[in-house]
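[1] coords please:
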Amino acid sequence: MIRPVQKDLFAVIGNPVAHSLSPAMMNAVFLKLGMACVYVALEVDALEEDLETLHRMGIRGMSVTLPHKETAYRLAKAVDNTAQAIGAVNTLRRLENGWEGCNTDWLGSNRSLEQVTSLEGKRSLILGAGGVARAVAYGLKRSGASVTVSNRTVKRGEALAEAFHCDFIPLDELKRSPEDHGFQVVVQCTSAGLMGKESSPLVPESFFQRGMVVLDTVYRPLWTPFMLTAQKAGCIMVPGLEMLLHQGVAQLEWWLGLQHLPSEGIQVMRDTLKRALENE
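    Numbers count the residues shown, from 1 in each chain. You can find the predicted model right below:
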């Protein structure tokens, strides 16, 4: 058994994970609040074996990112009701005999969107069908929005729509006149636009309409091609860093057993993210 004795250890696990800003964000808040904790990024491939190793190392809590959210859900010893409904976890907390999982992605997306609009009764569209899309669908449905899913792989998109009692629309149909679909809230949940990753546009420029609320869950770069096109059309923009911030705040509260993270902690997290992204 290896145990950290000077500081509690936290980590983000995924692949790729080198681009993650979670270490900067989390270490900034630990420093601000005077907590003896360290948060690192770890590239993980063999999740089942690696989770056992990380447990033996005494790590206290972990963020889980692509592509491990659904596998981590299956490997967790226990999950909360929300993670069970979503079928994926983005957060793990150490138990004596393994890991307990929860999902804060839906809180991150809902809190980000609710800064600019209410969600109840809104007509929303999710692009993508992976673990993040599942969490966003759960959050939008929970807030009373109607949800439609679209995805390059039709079978996977239809499966997500069926799981959350949503509608499905093929990507090609989004090229029709905007009046035909009338989406008010759009959330991009694929890895398209992630720094260094080439990808063709998911939707044409004509899809975006003035006043449409648009969130891209990719936060690096801050202004993805998807965001730049939506901005040009006069959409109301919600940067991905807001979702990263709010899901991270919820993770900290769960790991540390806090009702609410102090406001000065949230502010230093947001400032750290903005500084990291402003010159990219």
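
[2] contacts, neighbours, all on C-alpha from now
    OK.

[3] Nearest spatial neighbour of Leu273, chain-adjacent residues omitted?
    Met25 (6.4 Å; C-alpha to C-alpha, 6 or more residues apart in numbering).

[4] does the closest residue to Thr91 other than its chain neighbours sit in a helix or strand, and which one?
    Closest residue to Thr91 apart from its sequence neighbours, by C-alpha to C-alpha, 6+ apart: Ser63 at 4.6 Å. Taking DSSP states H and E as the definition, one finds Ser63 inside strand 61-64.

[5] how near is the residue positioned nearest the centre of the chain to Met237?
    Centroid check for the chain by C-alpha atoms, centre = their mean gives Asp105 as the closest residue, at 4.5 Å. Using C-alpha to C-alpha, to the nearest Å, one obtains 18 Å as the distance from Asp105 to Met237.

[6] Equivalent analysis for Val147, please.
    19 Å.

[7] again, but for Asp180
    Counting by C-alpha to C-alpha, the gap from Asp180 to Met237 is 22 Å.

[8] need the helices for the stretch 151-280 of the chain, in chain order.
    154-163, 178-181, 225-232, 240-256, 263-277 (DSSP state H, counting those that start in this stretch).

[9] Could you list every helix and strand in contact with the fourth one?
    In other words, helix 240-256. helix 22-32, helix 105-113, helix 263-277 (3 or more C-alpha pairs under 8 Å, 6 or more residues apart in numbering; DSSP states H and E).

[10] Dump those into TSV; add mean pLDDT and distance to Gln251 as well.
    Formatted as TSV, the helices and strands packed on helix 240-256 follow (pLDDT from 0 to 100; distance: least, C-alpha to C-alpha, whole Å):
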stretch	mean pLDDT	distance to Gln251
helix 22-32	97	10
helix 105-113	97	9
helix 263-277	95	12
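
[11] now for those, which one comes closest to Leu140?
    Between Leu140 and the helices and strands packed on helix 240-256, the tightest spacing by C-alpha to C-alpha is seen for helix 105-113, at 7.0 Å.

[12] Convert the closest one to PDB, retaining C-alpha atoms only.
    Below are the C-alpha coordinates for helix 105-113, written out as PDB (Å, rounded to 0.1, in the frame of the first residue of the first chain):
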ATOM      1  CA  ASP A 105     -21.600  17.000 -16.300                       C
ATOM      2  CA  TRP A 106     -25.300  17.600 -16.300                       C
ATOM      3  CA  LEU A 107     -25.000  20.200 -13.600                       C
ATOM      4  CA  GLY A 108     -22.200  21.900 -15.500                       C
ATOM      5  CA  SER A 109     -24.200  22.200 -18.700                       C
ATOM      6  CA  ASN A 110     -27.400  23.200 -16.900                       C
ATOM      7  CA  ARG A 111     -25.800  25.800 -14.800                       C
ATOM      8  CA  SER A 112     -23.900  27.200 -17.800                       C
ATOM      9  CA  LEU A 113     -27.000  27.500 -19.900                       C
END
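
[13] the inter-axis angle of it versus helix 240-256?
    Here helix 105-113 runs at an angle of 130 degrees relative to helix 240-256 (axes from the mean of the first three to the mean of the last three C-alpha atoms, to 10 degrees).

[14] Could you number the chain from 31 rather than 1 from now on?
    In the new numbering, first residue 31, that becomes helix 135-143.

[15] Whichever helix or strand comes after helix 135-143 packs against which elements?
    Going down the chain from helix 135-143, the next helix or strand is strand 153-157, by DSSP H and E. If you count contacts as 3+ C-alpha pairs under 8 Å, 6+ apart, strand 153-157 packs onto helix 161-172, strand 176-180, strand 215-218.

[16] Sweet, I'm off.
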